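Visitor: sequence isn't available, so here's the structure alone:
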DNA sequence: GTCCAGGGCCGTT
DNA sequence: AACGGCCATGGA
């Protein structure tokens, strides 16, 4: 058993099963609507705390904006206003709009998108403005159940702390996790969720360790 | 008032 | 390829 599997076991024994504890992202199975929510939230969460995202999401719900199609239906200015609490709201409104447009025009449904070649789909997502590696992988992993390991700030801190790698570049870390784990979307979802839960519950120091 | 949160873009070097 | 400024809000 390698270090990565051990780390997963360790987090799991400390934090328990992530499903249900941590938000929609780890809930399985997901309805179509839930998958679209996850995709929308993947953009809203960029460099923003979760409370602010929840406020934005609640505004969207109040305005009955639940799906990608709903996003295309409303005015971009109005969208920006609705998601204002999530910060960077003008940029995010435009990112959401182009993402929704891309998905609806090219695939018309999430089911069709799930049948696309995953590596090609990832490349196409990365071509969209506002969709970098973390957002693309969050969409693929949590929205579409595709096995891409998500690397975020929490993951980097954990890697640093556990001295698993000196190179903290996105692709390097993603390859490291993916080459050392079974390529299973459920494992990747749980593992990443556990990393976040562990960080949030302060089992892992988020900033400088308190000595 | 200050700091920060699960990024990513763009211009500069 | 790497780096820094920038985008913006609400809560601690």
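Guide: Right, received. Where do you want to start? All values derive from a computational prediction rather than experimental measurement.

Visitor: show me what contacts residue A:77?
Guide: Applying C-beta atoms under 8 Å, 6 or more residues apart in numbering to residue A:77 gives the contacts residue A:93. No exception for glycine: its C-beta is placed from N, CA and C like everyone else's.

Visitor: so which strand or helix has it?
Guide: Secondary structure assigned from DSSP states H and E places residue A:77 in helix A:76-82.

Visitor: show me what counts as buried in that helix.
Guide: Of the residues in helix A:76-82, those with enough neighbours to count as buried (16 or more other C-beta atoms under 10 Å) are A:79-80, A:82.

Visitor: and DNA strand B, is the helix or strand just after it touching that?
Guide: Following the chain from helix A:76-82 toward its C-terminal end, the next helix or strand by DSSP H and E is helix A:89-106. Yes. Counting by C-beta under 7 Å from any atom of the strand, contacts between helix A:89-106 and DNA strand B involve residue A:91.

Visitor: and helix A:89-106, does that touch DNA strand C?
Guide: Yes. Helix A:89-106 comes into contact with DNA strand C when judged by C-beta under 7 Å from any atom of the strand, the residues involved being A:89-91.

Visitor: give the buried residues for that helix.
Guide: Taking 16+ other C-beta under 10 Å as the basis for neighbour counts, the residues of helix A:89-106 that come out buried are A:89, A:92-93, A:95-97, A:99-100, A:102-104.

Visitor: quick one: which of those is nearest to residue A:60?
Guide: Of all the buried residues of helix A:89-106, residue A:96 has the smallest distance to residue A:60: 9.9 Å, by C-beta to C-beta.
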